[in-house]
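> Based on what follows, work out the 3D shape:
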Amino acid sequence: MRKKITSGFTLIEIMIVNTIIVILAGLAGGVISGVLRRNKITATKAAVQKLEAALEAYHSDTGVYPPTPEDHTLNAEVFCYLTGDMDHNKVYDPNNGNDLKRSSRWRGPYLKIDQRSTDNEGNLLDIYGMPFRYFENETEAPKCDSNPTTFLLYSCGQDRKATDETREDVIDYTKPYNKDNIKNWEDE
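All right, here's what the predicted structure looks like:
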């Protein structure tokens, strides 16, 4: 009589292979999430630099930076100075008299209106879905330690929070929620 030979995997072999697959998937997931986090930070830094360039071009033409918004957690007013969209309808119309409350030396638009990156109130949003924040320093706070002759521009970062009730709070990186802010100045 011939012996019947059976082939296949034992339950233990299948469990070992599954365990190895789960471990590898976990490692890959950690690497991928780290790369995605770094990409978001890089994209936000690029957006801050783009806004900085637009604000500098505006200043070059008009001699002033846009004023700090009354509600510093929003930026629609600053954004409208750069885009020319003074009525927040996400359209720049150079023939609209309502769009002419800016300086006569205004040569914009300095920034393209990107409807995908703005909310319904006209605020320019960062990659985390929060409005960029802005404080003008040149006229409002010339003794500000950070960027005294320009402005403070920042994203709240991944946690979507910032301790920024006052200008002094904004520049204090030791305050809660400020550690991951992406900003246009260096901490001292």
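> Would you enumerate the residues in contact with Ile182?
Ile41, Thr44, Lys45, Val48, Asp126, Tyr154, Ser155, Gly157 (C-beta atoms under 8 Å, 6 or more residues apart in numbering). Yep, even glycine has a C-beta here, placed from its N, CA and C like the rest.
> Swap in 6 Å and give it another go.
Shown in contact with Ile182 (C-beta atoms under 6 Å, 6 or more residues apart in numbering): Thr44, Lys45, Ser155, Gly157.
> neighbours of the third one, just the number please.
Okay, so that is Ser155. 27 (other C-beta atoms under 10 Å).
> same check, this time on Ala57
Neighbourhood size, Ala57 [other C-beta under 10 Å]: 16.
> re the thing from before, and the furthest pair within the contacts of Ile182?
Maximum pairwise distance among the contacts of Ile182 (C-beta to C-beta): 10.7 Å, between Lys45 and Gly157.
> thinking again about what came up before, right, and out of the contacts of Ile182, which lies closest to Ile14?
Of all the contacts of Ile182, Gly157 has the smallest distance to Ile14: 44.1 Å, by C-beta to C-beta.
> Backbone dihedrals for the closest residue to the closest one other than its chain neighbours, please?
Leaving aside its sequence neighbours, Gly157 sits nearest to Asp180 (C-beta to C-beta, 6 or more residues apart in numbering; 3.5 Å). Note on Asp180: backbone dihedrals following degrees, to the nearest 10 are phi -100, psi 10.
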